[in-house]
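S.K.: Quick one, structure for this:
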Amino acid sequence: MGAESPAPDSPSSASPVFTGEDVELISRDVLQQGFFRLEAITLRHRLFEGGWSEPMRREVHMRKDAVGVLLYDVVGDALVFVEQFRAGAVDDPLTPWKLEFVAGLVEEGETLEDVARREAQEEAGCRVAELKHLHTYYPSPGACDERVTLFCGLIDSQGMGGIHGLEDEHEDIRVHVVSFNDAWEMMMQGRLDNAMSLIGMHWLARERASLRALPDNTPRFR
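M.R.: Purely as a prediction, here's the structure:
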């Protein structure tokens with residue numbers, strides 16, 4: 001009889017072994033300070049098999065934390081997306097104008113819910129009736145310290161559309177109201193190609209029926 005395969009990790013065995021106390025920060029240098037900050041950090045950390053790593057240098061993109069909102073009309077079974085130019089996608093083979101959820105950075109003194117409602121109003125002209133927390137995650141922890149909190153905002157999408165955004169932030173944002181089925185098809189075709197939208201769409205696919213089943217949805221959101 002061949003050797004048995006190791007059992008997959010259970011939730012308990014996948015719990016963190018190390019904490020921030022198991023990292024020795026040797027130096028920290030600011031390479032660039034603009035709207036965002038780029039730092040070079042030199043560190044070493046404990047190893048799973050014992051001992052310490054050799055000192056290593058890593059460049060880390062330092063950003064404010066962010067909030068995104070999946071704007072969903074439970075009565076119309078529709079989502080609200082915003083379309084805008086994205087500098088990070090300037091070399092995209094199709095287009096650097098991306099369809100995304102409304103999102104923004106957390107400013108000092110703001111709660112995450114404050115940011116969600118503010119960004120929905122600024123980017124889409126939308127008033128959010130209720131907020132549901134989905135996930136908080138690191139989009140790219142190997143190179144960036146940003147954490148993103150994603151909400152679902154329950155809304156009435158009737159009459160929404162047009163061009164929005166803050167002129168002093170150079171925002172030029174077009175609003176789209178898209179049925180869930182069409183949004184899912186866009187995702188499958190690769191048109192929704194950012195992490196926030198992918199995470200939100202899969203969450204909504206799982207929760208959509210229960211959100212729409214509430215008997216008082218029409219008077220609440222119309």
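S.K.: G104: what's its closest spatial neighbour, skipping adjacent residues?
M.R.: Distance criterion CB to CB, 6 or more residues apart in numbering; nearest residue to G104, sequence neighbours excluded, is E119 at 3.9 Å. Any C-beta I mention is one placed from the backbone N, CA and C, and that applies to glycine too.
S.K.: Can you pull the phi/psi pair for the one you found?
M.R.: Dihedral pair for E119: phi -70, psi -40, per degrees, to the nearest 10.
S.K.: gap between H133 and V148?
M.R.: Per CB to CB, to the nearest Å, H133 is found 12 Å from V148.
S.K.: ok, now T111?
M.R.: For T111 relative to V148 (CB to CB), the value is 15 Å.
S.K.: The two: which is more packed in?
M.R.: V148 (19 against 10; other CB atoms under 10 Å).
S.K.: Burial check on the residue lying closest to the more buried one once chain neighbours are set aside, number of neighbours?
M.R.: Among residues not flanking V148 along the chain, A66 sits closest, at 4.8 Å (CB to CB, 6+ apart). Each residue near A66 was counted by other CB under 10 Å, and the total is 19.
S.K.: wait, what's in contact with A66?
M.R.: Applying CB atoms under 8 Å, 6 or more residues apart in numbering to A66 gives the contacts A103, G104, L105, V106, E146, R147, V148, T149.
S.K.: Can you give me every residue that contacts D193?
M.R.: So D193 contacts K98 (CB under 8 Å, 6+ apart).
S.K.: Over to it. Which of the three states is it?
M.R.: Here D193 is recorded as coil under DSSP: H, G, I helix; E, B strand; the rest coil.
S.K.: same check, this time on the one 5 residues further on
M.R.: Put simply, L198 is helix when judged by three-state DSSP.
S.K.: what's the burial count for it?
M.R.: L198 - counted by other CB under 10 Å - has 12 other residues nearby.
S.K.: pretty sure it is in contact with M186, am I right?
M.R.: No: the pair L198 / M186 is not scored as a contact, 11.3 Å apart, by CB atoms under 8 Å.
S.K.: between these two, what contacts are shared?
M.R.: Common neighbours of L198 and M186 (CB under 8 Å, 6+ apart) are L192.
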